[in-house]
Structure formats: C-alpha cells, structure tokens
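[1] Just a sequence and a predicted model for now, questions to come.
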Amino acid sequence: MSTRIAFLKGHGTENDFVIVPDPDNAIDLPATAVAALCDRRAGIGGDGLLHVVRSAAHPEARHLADEAEWFMDYRNADGSIAEMCGNGVRVFARYLQRAGHVEAGDLAVATRGGVKRVHIAKADAHGEGAVTVSMGRAELPAEQAAVTVGERSWPALNVNMGNPHAVAFVDDLAHAGNLFAAPDTTPATVYPDGVNVEFVVDRGPRHVAMRVHERGSGETRSCGTGACAVAVAAARRDGLNPSATGEPATYTVDLPGGTLVITERTDGGIEMTGPAVIVAEGEITPEWIETRIA
C-alpha cells in the first residue's frame, strides 16, 4: 500500500464512525485494519467504519446500482460486517453532501439491508439540516427470547430492522449493567448470528429512553436501527399498529448521545430523523495501516 488513505470522522447522536471514501473500491480493508482504525486509543476511534463505495464497483451492491449510486459498506468496530446502521446512513449521506456528490433533498443509499431512501433537509441556522432515513418495515419474527443481566431477566420482543434486535422494557436503565459484554439471550437459537440488545424505560406519552449493546461494538451512545426497533416495540406494547389503524405512530427516543424521532407510517414503513455531523478529516499513513493488517 503506497498511497495515503483519506478519512473523515463523523457522528449521529454520538454514534461515531470512521469514514473511508473509496469510490472505486480500490482499498483493501480486512477486519484487522478496520478494528485498528476503530481503536479509540491506538487508532482513530469509532463505533464502526463507513466504507464509501459506488454500488457498481462493489460485488455485494452491483445489483443495486440502478437504484442507488452509492453503497454503504458498513463494518462493526471489531471489523465484522453488518447489514445496516441507521445512524451510519445519516452520517454517510452527510459525507456525500459535504463531498459534493449530492445536494440537500432526496437520495438513495444501498446497504446490505437493502436500499434506504434518505432526505437531507435544507441547512438550518447552524449550517446543517436534519437527515431523515426511510428504514423500511420492521419484521416481528415469531421466535422470542429472554435477556439476562446478572440475576435479572426480562422477556424481549424480537424485532428485525435489516439487523436483529432484542428489545426489553425495564424499570431502570442501570439494570442493563455496564454493557461491555453482550447480555445473555436465551434460547441461543433465536439469534444464531448475535443480536443488538436494547433496554428501554418510559419517559412520557410516546416518549422513551434506551441503552443499547451493539453486537461487535459493545455499548454505543446511539443506535439508529435500535431506536426504530424500540419505537415499534413500544407501539405494539401500547396497542398501536399503524398498518391496522390507519394512523401513524411517532415516538421520541432518547439515547445517551441525543434524541431521534421515529415514525411508523400507515404502510408499515419507518422513518428516522436526527442529526448527522462531520467533525474532522485527515489521512492515514500507509506505514501505520500496513503494520495492522494480519
């Protein structure tokens, strides 16, 4: 690797990402390199990595190139591949806008969880508009699991947002523990590839707060797909089903890193609105990354 690699750093409600622009898919990013870049002490630091590639240039996204020019090749902080990241899509869109690839308005982003429709609002007084992502429909698999932390255990609603979630309503967010390690879910067969686990408390009418353990990353300050899963779980718990009632359901979801607004439409589609911020950019030296590729 003889050239320097450009990178940016961004976050959505403090769910932070290393961004590597690579339109032609020319940069080799094995799991070891991704994990090194996301290391908060020895690397740049992030909850994950956004590899920005044109869909036509990536073997996993070529079939989506007619629908979306850009593919979000998302990686967890440990280097593993993930289907989707809601906050990541917002930051991904903000990068495309900053780089001049798109303007405020509507665009499509290809992900392993399908094509996501995005709307970038016109800039506000702070120079940035909120980003809304159409996250698709939630699936509610019949298989259910229980979540255990220490001596406490709760039933969890199984919600799939393109990636799996186990949503548990608790009396106190502190009961989730430190969330450094993944909470136990039983039976293990419900989530054979691991799961994101959300712990949720009520704050008011259609207003909840949550903490999350993201598989491959540990506890993060925010999780967009997790917030969507939580809003759907809260709606069903509250007896709300927009597809059946013909009335959309909107929930405010507080996360440690900020607030997201989630709306489930009458057609079952879910929209997530929140901020997306680019905070820095620079270059990765080839010598550094070469020593970290196993």
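    Received, thanks.

[2] where are the low-confidence patches of the stretch 51-200 of the chain?
    Counting by pLDDT under 70, the low-confidence segments of the stretch 51-200 of the chain come to 125-127.

[3] The same query, at a cut-off of 80, please.
    123-128 (pLDDT under 80).

[4] what's the spacing between Gly194 and Asn163?
    10 Å (Cβ to Cβ, to the nearest Å). For every residue, glycine as well, the C-beta is placed using N, CA and C.

[5] Over to Asp47?
    14 Å.

[6] More neighbours: which of these two?
    Asp47 (28 against 25; other Cβ atoms under 10 Å).

[7] So Gly45: helix, strand or coil?
    coil (DSSP: H, G, I helix; E, B strand; the rest coil).

[8] What residues sit buried inside stretch 188-196?
    Neighbour counts over stretch 188-196 (16 or more other Cβ atoms under 10 Å) mark 190-191, 194-196 as buried.

[9] quick check, distance from stretch 98-107 to the centre of its chain.
    20 Å (Cα atoms, centre = their mean, to the nearest Å).

[10] for stretch 123-139, same thing?
    For stretch 123-139, the distance to the chain centre is 13 Å (Cα atoms, centre = their mean).

[11] again, but for stretch 230-240
    That offset, for stretch 230-240, works out to 20 Å (Cα atoms, centre = their mean).

[12] Which positions in it come out as buried?
    Result for stretch 230-240 [16+ other Cβ under 10 Å]: buried residues 230-236, 240.

[13] Who are the contact partners of the residue positioned nearest the centre of the chain?
    With distances taken as Cα atoms, centre = their mean, the residue of the chain nearest its centroid is Cys85 (2.3 Å). Shown in contact with Cys85 (Cβ atoms under 8 Å, 6 or more residues apart in numbering): 15, 48, 72, 74, 223-225.

[14] Of those, just say which sits nearest to Thr252.
    Here the nearest of the contacts of Cys85 to Thr252, counting by Cβ to Cβ, is Gly224; it sits at 14.2 Å.

[15] Can you report how many residues neighbour that closest one?
    27.

[16] Let me know the pLDDT of it.
    pLDDT, Gly224: 92.

[17] these two touch, right, it and Val91?
    No. The criterion here is Cβ atoms under 8 Å, and Gly224 misses it with Val91 at 9.7 Å.

[18] Could you name every residue contacting both of those two?
    Joint contacts of Gly224 and Val91 (Cβ under 8 Å, 6+ apart) are Gly12.

[19] Who does the closest residue to Thr252 other than its chain neighbours form a beta bridge with?
    Leaving aside its chain neighbours, Thr252 sits nearest to His207 (4.6 Å; criterion: Cβ to Cβ, 6 or more residues apart in numbering). Taking DSSP bridges as the rule, His207 bridges to Gly204, Thr252.

[20] I figured His207 hits Thr250, correct?
    No. His207 is beyond contact range of Thr250, at 10.1 Å (criterion: Cβ under 8 Å).

[21] What segments of the stretch 151-294 of the chain are helices?
    All helices of the stretch 151-294 of the chain, identified by DSSP state H, counting those that start in this stretch, fall at 224-237, 242-245, 286-290.

[22] I'd like these laid out as JSON lines, including distance to Gln144.
    Output for the helices of the stretch 151-294 of the chain, formatted as JSON lines (distance: least, Cβ to Cβ, whole Å):
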{"stretch": "helix 224-237", "distance to Gln144": "12"}
{"stretch": "helix 242-245", "distance to Gln144": "21"}
{"stretch": "helix 286-290", "distance to Gln144": "43"}
